[in-house]
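Chemist: sequence unknown, structure follows:
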């Protein structure tokens with residue numbers, strides 16, 4: 001049967017029907033990458049659920065397919081509670097999430113990625129479910145306090161481990177792509193690169209390594225590298241960051257095998273990245289004198 005594409009709603013579809021984790025991943029991707037969600041509608045058909053999200057940019061709507069369920073203990077119910085709490089916590093500007101009961105035909109078209117414009121109009125004309133029962137979907141699986149440290153930590157686990165490439169110094173961008181697979185060697189390469197850059201800029205050689213190298217490079221009124229238009233106390237604080245991060249992280253890595261989680265490895269990489277960014281802002285004192 002031919003489909004009149006002019007009747008199809010021009011929206012995006014995320015997730016796989018009936019696959020809870022796929023639909024949860026779709027929601028966390030949207031939240032992680034800053035998509036501006038203006039309104040959240042929970043769509044219900046019997047004990048199955050999907051979401052229709054109104055967006056501020058890119059497109060008018062995004063539909064999350066029916067990977068969620070309620071009314072029984074299981075992955076679908078836990079997934080629904082998780083999705084609701086993620087959206088409530090990370091879209092605090094959104095009006096209260098409302099639930100709408102939709103026809104099975106509309107539900108099926110969401111899962112088939114072929115909603116009609118008339119379906120969108122029908123959904124928008126529906127009245128929300130009363131009495132309000134969104135909270136029951138979270139309470140039913142024991143998610144009573146989304147503000148508790150334990151619950152917040154559990155929600156965090158839904159987000160992917162990623163390095164935000166927008167903020168990565170170009171000199172270690174290649175290492176950012178390797179950190180998941182080779183965390184130890186990747187971090188040691190980053191530390192060595194940073195020391196090499198400082199040595200080249202300052203001419204400091206010999207046995208001046210690690211934290212001592214940064215002390216000589218950045219500390220004192222006549223240090224070879226400094227930050228312009230920065231208060232002396234702040235300069236000292238920045239120099240202390242180089243010394244402290246090397247003493248707290250690089251030294252232990254250089255002298256023994258570590259058993260760290262990937263989360264810890266990636267956080268350490270971001271610390272080293274900040275040192276690269278600070279170094280790039282530092283000015284060569286001798287070069288500045290010559291220009292003057």
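Modeler: Great, that's in hand. As the structure is a prediction and not an experimental result, all values here were calculated from the model. Numbering: from 1, shown residues only.

Chemist: Quick check, central residue of the protein?
Modeler: residue 32 (4.1 Å; CA atoms, centre = their mean).

Chemist: thought that residue was touching residue 162?
Modeler: Yes. With contact defined as CB atoms under 8 Å, residue 32 reaches residue 162; the gap is 7.2 Å. In this view, the C-beta of every residue, glycine as well, is placed from N, C-alpha and C.

Chemist: what stretches of this structure score poorly on pLDDT?
Modeler: Counting by pLDDT under 70, the low-confidence segments of the chain come to 1-3, 58, 141, 144-147, 288-292.

Chemist: Where does the record place the domain boundaries for it?
Modeler: As assigned by automatic domain parsing, the chain contains the domains 5-156, 165-291.

Chemist: I'd like the distance from the longest one to the chain centre, please.
Modeler: The offset between the C-alpha centroid of domain 5-156 and the centroid of the whole chain comes to 20 Å, using CA atoms, centre = their mean, to the nearest Å.

Chemist: now the end-to-end length of it.
Modeler: 40 Å (CA to CA, to the nearest Å).

Chemist: Roughly how far does the closest residue in space to residue 163 that isn't next to it in sequence sit from residue 183?
Modeler: With CB to CB, 6 or more residues apart in numbering as the criterion, residue 163 has its nearest non-adjacent residue at 4.6 Å, and that residue is residue 176. Distance of residue 176 to residue 183, computed by CB to CB, to the nearest Å: 11 Å.

Chemist: ok, now residue 74?
Modeler: 35 Å.

Chemist: who has more neighbours, the two?
Modeler: Neighbour count, other CB atoms under 10 Å: between residue 74 and residue 183, residue 183 has more, with 20 against 12.

Chemist: hang on, the earlier thing: overlap of the contact sets of residue 176 and residue 183?
Modeler: Common neighbours of residue 176 and residue 183 are listed as residue 269 (criterion: CB atoms under 8 Å, 6 or more residues apart in numbering).
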